[in-house]
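Colleague: got a sequence here, can you build the structure:
(one chain, ligands or ions: 1)
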Amino acid sequence: MSHVFYRNPYKKYPVVARGKGVYLYDRQGKRYLDGCGGAVVSAIGHHVPEVVEAIKAQLDSVEFAHTSQFTNDPQEELAELLAERAPGGLDFTYFVSGGSEAVESALKMARAYWVQMGRPEKWMVIGREQSYHGNTLGALAVGGNLWRRAIYEPMLYPRPRVAPCYCYRCPFGRHPESCSLECADDLERAIQEVGPEKVSAFIAEPIVGATAGALTPPAGYFQRIREICDRHDVLFIADEVMTGLGRTGAWFAMKHWGVVPDLMCLAKGLAAGYVPVGATMVHHRINDTFHNRRNVFQHGHTYMGHPLAAAAGVAVIRYMSEHKLVDRSRKLGKYLREQLQAACGDHPHVGEIRGRGLFVGMEFVKDRESRTPFEPETGFHNLVGDAAFELGLILYPTGGTIDGRRGDHVLIAPPFIITRSQIDRLVEILGRALERATKQVAG
Ligand code: PLP
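Modeller: The predicted model follows:
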């Protein structure tokens, strides 16, 4: 009997034994093509010797020293590498251990900034429907993932919700030709409703991952968001936990639109799964205010700036730069979408294939013509995910909320080192998994 507290105690998990490149192997020797980097984490593949050696070397010098007493070389270097690559002005990095911690830090930093600026009435953070920012209570409160919030709702502070930019199911009934960015203007409405004097920040994922299967915004969306935030003295927090570090074909997704956020959250791809790490990148305008008065930002975690995590992050960024993996993510992402479109684009249960770089989502529908979703209890995304897993392909099934119900998508986000022939294989297995799931719901 296992003493591990599993989230799903009824599931039989294979034991992972090793990883190499785009493959994971279980104890029985079965090989799995990692088509999603676990949960959009493994960006450079498994067991890259350069990263393994960098972590070992750090372990040989010092494993831990608390950041209230010391800094360390890898965190200094990682902060520099990030500042060189981030949208201009995001010059400072606050290191934590994961995505939820990065989001919590950003929420509290925004609040602390306004207190510093002599505007303590500004506290509220506005988020979007159909979004995910983490599972801790603050992150859950600003997220729009209704089924994850469910029983915790009484523990979450109330906040207004704004529309997602969900073009396939436009909440304003528009088509791309008639789009006038009402979804962005919905933020203006929400700010006015609450009163701009109370709003501290707006948080959004550049491309929505876990709740919506790589929802990409319409052209001009984030530029409009930036304008609205500026007009009302509202900080903009970009949650790049999934999109960060090359996943969408740019170091940071915000660079696609030339928009500079005030705070930016990172995790997953930052150390590509080699060691848990997270980070909140901070605009120098905000950072500078914290020099005025000490201790206004009361926050911190024991493992922040951990030398092993930082050493892994440095090695990952160096590896990505040396092998031009960001560019590769952009090019192979296009190839992946084209192949998926050709193989599955006309399938009766495939509603849309979308995304950017090697961050691709496939939305499933019961009826393609009317875009009617499956009943939530069907869990079509899990049927596809389970069938693929059995066939040796790992996908990331994600359930979002459509009109308050769970949606059906899988995320396809392989390591950037994947080759064209491995993509062909991925697409072929996914097609077979789709057929299996289709047969299951039909009969
Ligand atoms: N923000 C986004 C956009 C995410 O996708 C996730 C996790 O999926 C998080 C935050 C939370 O990160 P973590 O699971 O590392 O706490």
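
Colleague: the residue lying closest to residue 181 once chain neighbours are set aside and residue 138: what is the separation?
Modeller: Spatial nearest neighbour of residue 181, chain neighbours left out: residue 224 (5.2 Å); criterion: CB to CB, 6 or more residues apart in numbering. From N, CA and C alone the C-beta is placed, and that goes for glycine too. Noted for residue 224: a distance of 26 Å to residue 138, by CB to CB, to the nearest Å.

Colleague: can you get me a residue count around the one residue in the chain that gets nearest to the ligand?
Modeller: As assessed by CB to the nearest ligand atom, the ligand sits closest to residue 99 within the chain, at 2.1 Å. By other CB atoms under 10 Å, the residues close to residue 99 number 30.

Colleague: quick check, it in contact with residue 241.
Modeller: Yes. With contact defined as CB atoms under 8 Å, residue 99 counts as touching residue 241 (3.8 Å).

Colleague: got any residues that touch both of these two?
Modeller: The contact sets of residue 99 and residue 241 overlap at 133, 134, 265, 266, 267, 268, 278 (CB atoms under 8 Å, 6 or more residues apart in numbering).

Colleague: just how off-centre is the helix or strand where residue 382 lies within its chain?
Modeller: Taking DSSP states H and E as the criterion, residue 382 maps to helix 380-390. For helix 380-390, the distance between its averaged C-alpha position and the chain's averaged C-alpha position is 21 Å (CA atoms, centre = their mean, to the nearest Å).

Colleague: tell me the average confidence for it?
Modeller: Average pLDDT, helix 380-390: 96.

Colleague: toward the C-terminus, what is the element adjacent to it?
Modeller: From helix 380-390 onward toward the C-terminus, using DSSP H and E, the following helix or strand is strand 393-394.

Colleague: all helices for the stretch 51-200 of the chain, in order.
Modeller: Using DSSP state H, counting those that start in this stretch, the helices of the stretch 51-200 of the chain run over residues 73-85, 99-116, 137-142, 146-149, 182-194.

Colleague: ok, now the stretch 251-400 of the chain?
Modeller: For the stretch 251-400 of the chain, the helices defined by DSSP H, counting those that start in this stretch occupy 284-289, 307-322, 325-344, 380-390.

Colleague: list the residues that contact residue 234.
Modeller: With contacts defined as CB under 8 Å, 6+ apart, the neighbours of residue 234 are 126, 191, 196, 199, 200, 201, 202, 228.

Colleague: skip the chain neighbours and tell me the closest residue to the third one.
Modeller: In space, and not counting its chain neighbours, residue 196 is closest to residue 232: 4.0 Å by CB to CB, 6+ apart.

Colleague: that neighbour: neighbour count?
Modeller: 16.

Colleague: these two touch, right, it and residue 199?
Modeller: Yes. In this structure, residue 232 is within contact of residue 199 by CB under 8 Å, at 6.6 Å.

Colleague: which neighbours do the two share?
Modeller: When CB under 8 Å, 6+ apart defines a contact, the residues bordering residue 232 and residue 199 alike are residue 191.

Colleague: low-scoring stretches of the protein, by residue?
Modeller: Counting by pLDDT under 70, the chain contains low-confidence ranges at 292-295, 400-406.

Colleague: quick one, the longest helix seen in it and helix 380-390 angle?
Modeller: Once the chain is assigned using DSSP state H, the helix that runs over the most residues is helix 420-442. Orientation of helix 420-442 against helix 380-390 (axes from the mean of the first three to the mean of the last three CA atoms, to 10 degrees) gives an angle of 130 degrees.

Colleague: mind listing what's buried along helix 420-442?
Modeller: Within helix 420-442, the residues that qualify as buried by neighbour count (16 or more other CB atoms under 10 Å) are 422-423, 425-427, 429-431, 433-434, 436-438.

Colleague: cool, and stretch 300-312?
Modeller: Under the neighbour-count criterion of 16+ other CB under 10 Å, stretch 300-312 has 301, 303, 304, 305, 306, 307, 308, 309, 310, 311, 312 buried.

Colleague: now residue 156: phi and psi?
Modeller: phi -100, psi 140 (degrees, to the nearest 10).

Colleague: tally up the residues packed near it, please.
Modeller: Other residues within reach of residue 156 by the criterion other CB under 10 Å amount to 15.

Colleague: ok, residue 371 next?
Modeller: 14.

Colleague: do the same with residue 242
Modeller: 29.

Colleague: mind telling me what element it is part of?
Modeller: Here residue 242 is covered by no helix or strand, with elements defined by DSSP H and E.

Colleague: please look at it and residue 40 and confirm they touch.
Modeller: Yes. Proximity of residue 242 to residue 40 meets the contact threshold set by CB under 8 Å, at 4.8 Å.

Colleague: now the common contact residues for the two.
Modeller: With contacts taken as CB under 8 Å, 6+ apart, the residues that reach both residue 242 and residue 40 are 209, 268, 269, 359.

Colleague: show me which of those neighbour the ligand.
Modeller: Restricting those to those touching the ligand (CB under 6 Å from any ligand atom) yields residue 209.

Colleague: any chance of CSV for the shared contacts of residue 242 and residue 40, columns distance to residue 56 and neighbour count?
Modeller: Converted to CSV, these look like this (distance: CB to CB, whole Å; neighbours: other CB atoms under 10 Å):
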residue, distance to residue 56, neighbour count
209, 32, 29
268, 22, 28
269, 22, 30
359, 31, 29
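
Colleague: residue 174: what's it in contact with?
Modeller: Residues counted as contacts of residue 174 (CB under 8 Å, 6+ apart) are 180, 182.

Colleague: against residue 223, how distant is it?
Modeller: Per CB to CB, residue 174 is found 18 Å from residue 223.

Colleague: just give the nearest non-adjacent residue to the residue nearest in space to the middle of the chain, would you?
Modeller: With distances taken as CA atoms, centre = their mean, residue 242 lies nearest the centre of the chain, 2.1 Å away. Distance criterion CB to CB, 6+ apart; nearest residue to residue 242, sequence neighbours excluded, is residue 209 at 3.9 Å.

Colleague: what about the one you found, distance to residue 175?
Modeller: Distance check for residue 209 against residue 175: by CB to CB, it reads 25 Å.

Colleague: so what's the closest residue to residue 330 other than its chain neighbours up against?
Modeller: Distances taken as CB to CB, 6+ apart place residue 249 nearest to residue 330, at 2.9 Å, with adjacent residues excluded. By CB under 8 Å, 6+ apart, residue 249 lies in contact with 256, 326, 327, 329, 330, 331, 333, 356, 357, 358.
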